[in-house]
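Enquirer: Quick check, what structure comes out for this input:
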Amino acid sequence: MKAEYINPFLESAKLVIEQVVQIRPETGQLGLKDIKFVENYIWIQIGLNGQMNGDIVFGLSEEVALKMVSAMMGGFVISEIDEIGRSAISELGNMISGNASTILYNQGVRVDITPPKVIQSAQSAGFQPAQALTIPLIMDGIGELDIQVLVAS
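Expert: Numbering: from 1, shown residues only. Sure thing, here's the model as predicted:
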């Protein structure tokens, strides 16, 4: 697993979060982590196809997701992740991954991304527990968003 795979997603996530959530995230510690799907957590899964194959998964607690969606909606407080909230979280993943694929393209790596899949239940994830290259983004007053990269090649 190459650490440089995560850098375009990290760079893109910081930029997009700053634009749509109005908070500049701090970068946590890069590491290898076992992905375990737990309840009260939301994952945004995006497939990668081309010169990189695998998945990028953004993980955040429902509490963090609520705060992020509220910030994305101009401060309108939401109390549950409904269809609009899922759409906003999905679009956040789409924006981050779209920007990251452009960064990769500019580095000579051709990759297509799949539409984001928002997963709210560990059972529906369909993922086998695996190790991923992980880096958290820490957002002051909001919480953490984990960027997890599972790249096969």
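
Enquirer: Now tell me which helix or strand of the protein has the poorest mean pLDDT.
Expert: strand 31-35 (a mean of 78; mean pLDDT, DSSP states H and E).

Enquirer: what comes up buried for that strand?
Expert: Buried residues in strand 31-35, counting neighbours by 16 or more other Cβ atoms under 10 Å, are found at Lys33, Ile35. To be clear about C-beta, it is placed using only N, CA and C from the backbone, and glycine gets the same treatment.

Enquirer: That strand pairs with which strands, parallel or anti?
Expert: strand 130-139 (antiparallel) (DSSP bridges).

Enquirer: that older thread, need the CA coordinates for the least confident helix or strand of the chain. PDB is fine.
Expert: Only the C-alpha atoms of strand 31-35 are listed here, as PDB (Å, rounded to 0.1, in the frame of the first residue of the first chain):
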ATOM      1  CA  GLY A  31      -1.600   4.900   9.700                       C
ATOM      2  CA  LEU A  32      -2.800   1.400   8.800                       C
ATOM      3  CA  LYS A  33      -6.100   0.600  10.400                       C
ATOM      4  CA  ASP A  34      -8.500  -2.300  10.500                       C
ATOM      5  CA  ILE A  35     -11.800  -1.200   9.000                       C
END
